[in-house]
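Enquirer: output the structure for:
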Amino acid sequence: MQAIDESATDTERPFDQIILEQGSRISDRLNMLRLEQYPPNARKSLRQFSLAEVANFIGVAQTTIKKLDLEGKGPQPATSPTGRRSYTAEQLAELREYLDKNGRPGKRRYLPHRQSGEHLQIISVVNFKGGSGKTTSAAHLAQYLALRGHRVLAIDLDPQASLTALHGIQPELDDVPSLYETLRYDSERRSITEVIQPTNFPNLDIVPANLELQEYEYDTPVALTGENAAEGRSFFTRISDALREVDDRYDIVVIDCPPQLGYLTLTALTASTAVLVTVHPQMLDVMSMSQFLLMLGGVMQSIREAGAEVKLQWYRYLVTRFEPTDGPQKQMVGFLQAMFPEQMLSNPMVKSTAVSDAGITKQTLYEIDRAQFVRSTYDRAIEALNAVNQELEELVHHAWGRA
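Expert: Presented below is the predicted three-dimensional model:
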């Protein structure tokens, strides 16, 4: 790369040099903030969870967990001077395993892992328009499912790498591979097992994103007309082929698609068993969604006619950033519910300063401590979030044939 002359003024330097320098300055500053927030190695940790949260995620009464603690069974929590119990996410997982192993025969199972005959659930989160809450929804869904005991793989398919950043990875500095290494058409193609990274959540791994992912959008048209055109014409099988290598390791895959209808999104959708479309209830956003659906339907029809098997078991629209006191937004939600009563999720995700404030420190609501917020604000946001994710979890279980 050509050296940047920092002595020259902005009016004297080429635009590409200016933005390269500014991009580097932002990246360096973000890394400094990361080092300050997660010392000593800039790796994300995870807070402890209260007894009430642990009981809610496992699905038992608080008294059940208290009794185990008093009897010295299962992991021992940290206890405050006032007697409040708190558990790490690892201890939450240990408690679930203990209850599952020591529960009475015939009673409910506490480990919700896939059983024989239950296939891998692959959920693509999509929207044509940025700012719809797509990445935030994908991150919270993946983390919720992991806290509920599912083995989850999150795939960041957006070259902007927002989902990756939310999990503590800065791709331009951490030098982690993306799914492009698995999708590429040349001899350097790698197994998906080589690009999967752990996260700070037990049961949750991630395939990070980076700018190199965009190369897939350029490589695929070349492959469609090159020497190996047959391989190019089956581009839509590349993600599903890759996931077969780790089929036994996960129950659910959550894919955060880029906000555009390109080859990355199409490859994800043809691998999916479910699709979640995020919708901000404003007229311009709904108009954009209409165009997206028309384009998507036409392209998917062409791919299906070319031999792709699209096996969606369900798709849903999720209303995001919803303000219940906003009259026009309520009208728009009613409009959507009247048109798509079967496909609209019953629960919207409300707009909350808790979500945006957590995002300032690259955290989700499941990571940040309730004490850092006005409690009513946090409780309102987490209640809405859990209701959305529980509804989606029930759709996954229904797809498996569970009650």
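
Enquirer: just say helix, strand or coil for the closest residue in space to Asp256 that isn't next to it in sequence.
Expert: What sits nearest to Asp256 in space, not counting adjacent residues and going by Cβ to Cβ, 6 or more residues apart in numbering, is Ala138, at 4.1 Å. Yep, even glycine has a C-beta here, placed from its N, CA and C like the rest. Three-state call for Ala138 (DSSP: H, G, I helix; E, B strand; the rest coil): helix.

Enquirer: what's the neighbour count on Gln91?
Expert: Counted by other Cβ atoms under 10 Å, the residues lying close to Gln91 total 20.

Enquirer: residue boundaries of the strands in this protein?
Expert: Listed in chain order, the strands of the chain (DSSP state E) span 49-50, 78-79, 85-87, 121-126, 152-156, 197-198, 204-207, 252-256, 274-279, 314-319.

Enquirer: quick check: Pro258 touching Pro159?
Expert: Yes: using Cβ atoms under 8 Å, Pro258 is in contact with Pro159, at 6.5 Å.

Enquirer: who touches both of those two?
Expert: Common neighbours of Pro258 and Pro159 (criterion: Cβ atoms under 8 Å, 6 or more residues apart in numbering): Leu213.

Enquirer: for this protein, which spans come out with low pLDDT?
Expert: For the chain, applying pLDDT under 70 flags the ranges 1-11, 15-16, 18-20, 23, 27, 30-31, 33-42, 104-108, 130, 228-232.

Enquirer: which helix runs longest in it?
Expert: If you go by DSSP state H, the chain has its longest helix at helix 375-399.

Enquirer: got the contact list for that one?
Expert: Helix 375-399 is contacted from outside by 56, 112, 121, 123, 137, 140-141, 144-145, 148, 150, 252, 273-274, 276, 313-314, 316, 318, 345-350, 352-355, 365, 370, 403, using Cβ under 8 Å, 6+ apart.

Enquirer: of those residues, grab the buried ones for ChimeraX.
Expert: Selection command for ChimeraX covering only the buried members of the contacts of helix 375-399, criterion 16 or more other Cβ atoms under 10 Å:
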select :112,121,123,137,140,141,144,145,148,150,252,273,274,276,314,316,318,345,347,348,349,350,352,354,355,365,370
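
Enquirer: tell me if I'm right that the residue nearest to Asp256 and Ser124 touch.
Expert: No: here Ala138 lies out of contact with Ser124, judged by Cβ under 8 Å, at a distance of 9.1 Å.

Enquirer: domain assignment for the chain?
Expert: 49-102, 121-399 (automatic domain parsing).

Enquirer: let's have the ones you listed in a markdown table, adding distance to Glu12.
Expert: Shown next, in a markdown table, are the domains of the chain (distance: least, Cβ to Cβ, whole Å):
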| stretch | distance to Glu12 |
| --- | --- |
| domain 49-102 | 53 |
| domain 121-399 | 27 |
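
Enquirer: nearest to Arg13, of the ones you listed?
Expert: Smallest distance to Arg13 across the domains of the chain (Cβ to Cβ): 21.6 Å, for domain 121-399.

Enquirer: now do the end-to-end distance for the closest one.
Expert: Taking Cα to Cα, to the nearest Å, domain 121-399 runs 8 Å from one end to the other.

Enquirer: how about stretch 111-118?
Expert: This stretch, stretch 111-118, spans 14 Å end to end (Cα to Cα).

Enquirer: show me the contact partners of stretch 84-94.
Expert: 46, 48-51, 54, 57-58, 65-66, 69, 74-75, 77-80, 95, 147, 149, 200-203.

Enquirer: how about a cut-off of 7 Å?
Expert: Contacts to stretch 84-94, defined as Cβ atoms under 7 Å, 6 or more residues apart in numbering, come from residues 46, 48-51, 54, 57, 69, 74-75, 77-79, 95, 147, 201-203.

Enquirer: picking that back up, Pro258 and Pro159: who's more crowded?
Expert: Neighbours per residue, other Cβ under 10 Å: of Pro258 and Pro159, the larger number sits with Pro258, 23 against 20.

Enquirer: skipping its backbone neighbours, what lies nearest the more buried one in space?
Expert: Asp158 (4.2 Å).

Enquirer: with Phe335 instead?
Expert: Val286 (7.9 Å).

Enquirer: you'd agree the one you found is up against Met332?
Expert: Yes: at 6.4 Å, Val286 and Met332 qualify as touching, with contact defined as Cβ atoms under 7 Å.

Enquirer: more neighbours, the two?
Expert: Met332 (20 against 15).

Enquirer: the more buried one contacts Leu284, correct?
Expert: No: if you go by Cβ under 7 Å, Met332 and Leu284 don't touch, sitting 10.7 Å apart.

Enquirer: from the contacts of stretch 84-94, list the buried ones, please.
Expert: 46, 48-51, 54, 57, 69, 74-75, 77, 95, 147, 201-203.

Enquirer: in a markdown table, list the strands of the chain along with distance to Leu296.
Expert: Compiled in a markdown table, the strands of the chain are given as follows (distance: least, Cβ to Cβ, whole Å):
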| stretch | distance to Leu296 |
| --- | --- |
| strand 49-50 | 39 |
| strand 78-79 | 48 |
| strand 85-87 | 43 |
| strand 121-126 | 8 |
| strand 152-156 | 19 |
| strand 197-198 | 30 |
| strand 204-207 | 23 |
| strand 252-256 | 15 |
| strand 274-279 | 9 |
| strand 314-319 | 11 |
